[in-house]
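Engineer: coords please:
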Amino acid sequence: MSLFHVLGFGVKIGQLLWMLCCWFVSWFIDGGIEDKPGLLIGSVGDPSPPEKTKMTTTMKKKSKLCFWSKIFKIPSFSHHFLGSVRFGKTWWRKVVVAWVVFWVLVSFWTFWYFSSQAMEKRKETLASMCDERARMLQDQFNVSMNHVQAMSILISTFHHGKIPSAIDQRTFSEYTDRTSFERPLTSGVAYAMRVLHSEREEFERQQGWTIRRMDSLEQKPVHKDDYDPEALEPSPVQEEYAPVIFAQDTVSHVVSLDMLSGKEDRENVLRARKSGKGVLTAPFPLIKTNRLGVILTFAVYKRDLPSNATPRERIEATNGYLGGVFDIESLVENLLHQLASKQTILVNVYDTTNHSQPISMYGSNVSADGLELISPLNFGDPFRKHEMRCRFKQKPPWPVLSMVTSFGILVIALLVAHIFHATVSRINKVEEDCNKMERLKKKAEAADVAKSQFLATVSHEIRTPMNGVLGMLHMLMDTELDVTQQDYVRTAQASGKALVSLINEVLDQAKIESGKLELEEVRFDLRGILDDVLSLFSGKSQQKGVELAVYISDRVPEMLIGDPGRFRQILTNLMGNSIKFTEKGHIFVTVHLVEELLDSIDAETASSSPESTLSGLPVAERKRSWENFKAFSSSGHQSFPSDINLIVSVEDTGVGIPLEAQSRIFTPFMQVGPSISRTHGGTGIGLSISKCLVGLMKGEIGFSSTPKVGSTFTFTAVFANGMHTAERKSDPQSNNQPMFSEFQGMKAVVVDHRPARAQVSWYHFQRLGIRVEVVPRVDQALRFMKNGTTAVNMILIEQEIWNREADAFIKKLQKDPLVRSPKLILLANSIETSVSDTLSSGVDPPMVIVKPLRASMLAATLQRGLGIGNRETPQHRGPPALVLRNLLLGRKILIVDDNNVNLRVAAGALKKYGADVVCSESGVKAISLLKPPHEFDACFMDIQMPEMDGFEATRRIREMEEEMNKRTDSSKARWHLPVLAMTADVIQATHEECLKCGMDGYVSKPFEAEQLYREVSRFFNSPSDTES
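Structural biologist: I've put the predicted structure just below:
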């Protein structure tokens, strides 16, 4: 328990000291920092007394708050202080060393403390045992002394007080033997009578023996077996004698010995009769036994001696001397035998009357322990001093508790130091790594900036001449060229557009890698985008004879909110790959809501069986392309109720993807095989870009491919609903139908034995408002027209059925008078479709519609075929060139560019639309031309120009307009000229900078005439306004 107490105490003290150190350092640092602003404030000027008081009160409050904030910020400060590089590199080693040294000292102190406590306890135990033995010896000696004193009174009474004496040697011997138990420490008792020299002869005659001297025995001790009293010399002549007349049997050999003839006995006898008390001799060898002993002597006085007698009176009243012999060794041994723990300590008894030369009365000096305790002994003689010295027999035990405790503290301290060292080292390592990563990050950011700048520069330097090339080729197409020249121009245009497309893909990949690709959020028409993409690939599909079709579910809203450009890019990449690798069969694009497929897989328009596909050829299993999507799992994406989650599939019957190449299909710049790029061309980054764009649209992309069968790519994308509230509440069917009123109420019959293809035809014709019935054979179509209550306006026949059943169908149609001859429309896959010569007599040839089907193309074709062309818009009236010249008629547009070729291209494109174009080669000149008031309606401004770039020029123009608006009446129209950026930089930063400096739009090079018109026409109210 003591170990835990010490450890807990040490930990608390260490924690307290550490917190105090951190608090002191934080107080010192913060105090030094906070004092500086005060000096600066005071140096500005002396405030007024009220302000001084207010400032003083505020500073006091702040100091109190600062104090408590410092108290509570100690852990935070210690964390930041420990983790700093300055601390880690300068002080933490010193702190660790100081910590170790401190706890080593604490360990030594703990060892010393516990050892001293153990020693004190050992001393207390030894002192207790020594005191106990000394007390017992002293008590028993006092008992013996009292009994000897009582015997002296008894002798005085019955020997000297009675005549004749009542005591003789036999009586004395028997009495002393019987009462020896009352004197446990005495070896014997003897009585010596005082005899004057004048009484010696009479005394010797009465006793029958001669008084013998004792000093000869003291000088020449003899063994107890050689002792013979008769051989002793008579006592020499002296004034008085003290011969022993009575003695206990144990000391009967002292009878007739003169006590005054011995040195120790003489001194003892003289002191006893003079003091009237019991006195002790110095330790000396006893007669006959030669054992060390002492004699206790009491004087026997006459009975009439008063208690206050003088020493002289005591000497004169002395009758004799009673002595008790104490064998020190025997009596101490007997005493120790009475104690149970006698073996644990060694006892020594000393006569210390002479402190310089103490006399050992009992015991041995041999001991393994240096610890010694002394207990004083009082035997009743104030002249003699005695003491008992005690020591342990065995050495003290090893201080195990002290060693374990101190070692444990030292180990814990070293462990804490190691942990602290490792922690600080780790912090320094992490901080160094962070600094290194920060430096690498800055380098990477600098490299990214350099990369972006490089791409922008390369893009600008390539796009600028490409703008001139494509622009001039476009203008060349408007001139009179023969067929060969037109073919050369188209080839050059296609090559230039391919180069621009490659540049765009590389830039997109760079944006994706740098994380700078952002999506727009605009309202767009999904079906219009699909029609535009179909128009883009219609020429190639018709040349190859590959059927190209699109189907969009009725549950998909007409308008969505998202990035139409990036959505178009994904479809273009997927359909471009399908066109590239498909030589026969079909390419089928379907668009559904994810909820449709979640509710029922039957909502899919085509299955993998050949009978139900678009062209009758087998296709890859479409379900495998989305089986790993999270949207179809229980833990799919959680979207808002207003989100539109689309799933788009692009199915083809091409060559498929080899199994070994499917794992790297989305890797940038990776082709399926080395021969693919040579055979079909391409860079291998289209799918990689598409995958990244799908991810930005919160979707997923996957594919299913079977070699020599085909591939199906499927992706999901999340958009917002672009339909207004009123439009959502109306009929969903009407939302998906353009307003072609001339087709309302018409009825058509589609003859097609393939359900998927028939459904595509039904989808496109019902968009025009035409009611469509689908039948698999021509005879069923005739039966439907004969039995129907509503007249059929047109029959839509697939080319495959027409080639097989055309003659029979025409004959049945001519023979049946009940059937009104409807308009025949042939749905063909290529322009080379020919009409049979058998139809030339009596029957008009059918109208041919070349797939892919699109709403605008269908409307224009049906208007011409059915003779309902009143719905032509002003854009379609008159010759095309004349129509284009009226679009921007009366509009004055300024073009600013330092490149003369770009000026000519842009001016020629805008002049084709009837605009009045003014060109400027610099931004400075443009500012002078656009100083309000001016007559320009719009301005195309190049960004990168010498002397003054387009950003600075636009800012100057906006400043002039702002000043003009401040000077004019607020009721009048405010000056704001539409300024459109015209540059080859297509990075997002350039676009943002354009908007930031006040530009209204953005046109990227190379541009086309339609693009310039589309951008500038956004700022003009209407064509009628243009014509005015």
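
Engineer: what does the domain assignment say about this protein?
Structural biologist: 167-327, 518-600+609-631+641-671+682-721, 741-835+843-866, 881-1018 (the TED database).

Engineer: Mind putting these into a markdown table with mean pLDDT and distance to residue 496?
Structural biologist: Placement of C-beta: from N, CA and C, glycine included. Converted to a markdown table, the domains of the chain look like this (pLDDT from 0 to 100; distance: least, C-beta to C-beta, whole Å):
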| stretch | mean pLDDT | distance to residue 496 |
| --- | --- | --- |
| domain 167-327 | 84 | 136 |
| domain 518-600+609-631+641-671+682-721 | 87 | 16 |
| domain 741-835+843-866 | 80 | 26 |
| domain 881-1018 | 85 | 7 |
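
Engineer: Turn the ones you listed into CSV, columns for mean neighbour count.
Structural biologist: CSV is the format used below for the domains of the chain (neighbours: other C-beta atoms under 10 Å):
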stretch, mean neighbour count
domain 167-327, 18
domain 518-600+609-631+641-671+682-721, 19
domain 741-835+843-866, 18
domain 881-1018, 18
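
Engineer: Packing partners of the helix or strand residue 461 falls within?
Structural biologist: For residue 461, the element it lies in under DSSP states H and E is helix 400-477. Contacts defined by 3 or more C-beta pairs under 8 Å, 6 or more residues apart in numbering; DSSP states H and E place helix 400-477 against helix 2-44, helix 74-83, helix 85-90, helix 92-155, helix 483-514, helix 900-911.

Engineer: between these, which gets the lowest average pLDDT?
Structural biologist: Lowest mean pLDDT of the helices and strands packed on helix 400-477: helix 74-83, a mean of 48.

Engineer: Select the longest strand from this structure.
Structural biologist: Longest strand of the chain, by residue count under DSSP state E: strand 710-721.

Engineer: Output the contacting helices and strands for that one.
Structural biologist: strand 559-562, helix 564-581, strand 643-652, helix 686-696, strand 701-706.

Engineer: and the angle for it with helix 564-581?
Structural biologist: 170 degrees (axes from the mean of the first three to the mean of the last three C-alpha atoms, to 10 degrees).

Engineer: Neighbouring strands of strand 710-721 in the sheet, and parallel or not?
Structural biologist: strand 559-562 (antiparallel), strand 643-652 (antiparallel), strand 701-706 (antiparallel) (DSSP bridges).

Engineer: so which of those strands comes closest to residue 984?
Structural biologist: Closest of those to residue 984 is strand 559-562, at 26.7 Å (criterion: C-beta to C-beta).

Engineer: Could you list the alpha-carbon positions for that closest one in CSV?
Structural biologist: The C-alpha trace of strand 559-562 is given here as CSV (Å, rounded to 0.1, in the frame of the first residue of the first chain):
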residue,chain,number,x,y,z
MET,A,559,-36.6,20.4,-68.5
LEU,A,560,-33.8,19.6,-66.0
ILE,A,561,-31.3,21.8,-64.1
GLY,A,562,-27.6,20.8,-64.4
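
Engineer: ok, residue 980 - contacts?
Structural biologist: 938, 939, 940, 941, 999, 1000, 1001, 1002, 1003, 1015, 1016 (C-beta atoms under 8 Å, 6 or more residues apart in numbering).

Engineer: Only C-alpha atoms, please: export the helix or strand it falls within in CSV.
Structural biologist: According to DSSP H and E, residue 980 maps onto strand 979-983. This file holds the C-alpha atoms of strand 979-983, laid out as CSV (Å, rounded to 0.1, in the frame of the first residue of the first chain):
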residue,chain,number,x,y,z
VAL,A,979,-19.0,42.8,-73.6
LEU,A,980,-18.2,39.2,-74.6
ALA,A,981,-14.8,37.7,-74.0
MET,A,982,-13.2,36.1,-77.0
THR,A,983,-10.2,34.0,-76.1
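
Engineer: So what's the gap between it and the chain middle?
Structural biologist: 48 Å (C-alpha atoms, centre = their mean, to the nearest Å).

Engineer: which strands and helices sit next to the next helix or strand after it?
Structural biologist: Sequence-wise, the next helix or strand downstream of strand 979-983 (DSSP H and E) is helix 988-996. Counting contacts by 3+ C-beta pairs under 8 Å, 6+ apart, helix 988-996 is packed against strand 979-983.

Engineer: The strand it packs on to helix 900-911, inter-axis angle?
Structural biologist: 130 degrees.

Engineer: strands paired with strand 979-983, and their directions?
Structural biologist: strand 938-942 (parallel), strand 1001-1004 (parallel).

Engineer: Could I get the helices and strands packed on strand 710-721 in a markdown table, plus columns for distance to residue 624?
Structural biologist: Shown next, in a markdown table, are those (distance: least, C-beta to C-beta, whole Å):
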| stretch | distance to residue 624 |
| --- | --- |
| strand 559-562 | 27 |
| helix 564-581 | 16 |
| strand 643-652 | 11 |
| helix 686-696 | 17 |
| strand 701-706 | 4 |
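
Engineer: closest to residue 957 out of the ones you listed?
Structural biologist: Nearest of those to residue 957, taken as C-beta to C-beta: helix 564-581 at 28.3 Å.

Engineer: So which elements touch that closest one?
Structural biologist: strand 522-525, helix 526-544, strand 586-593, strand 643-652, helix 686-696, strand 710-721.

Engineer: go with 7 Å
Structural biologist: Where contact means 3 or more C-beta pairs under 7 Å, 6 or more residues apart in numbering; DSSP states H and E, helix 564-581 is packed against helix 526-544, strand 586-593, strand 643-652, helix 686-696, strand 710-721.

Engineer: neighbouring contacts of the fourth one?
Structural biologist: Defining contact as C-beta atoms under 7 Å, 6 or more residues apart in numbering, one finds that helix 686-696 is touched by 505, 508-509, 512, 517, 519, 566, 569-570, 573-574, 576-577, 665-668, 700-701, 715, 717.

Engineer: in the stretch 151-300 of the chain, which spans are strands?
Structural biologist: Along the stretch 151-300 of the chain, counting by DSSP state E, counting those that start in this stretch, strands occupy 188-193, 195-196, 240-241, 244-247, 279-280, 284-285, 292-301.
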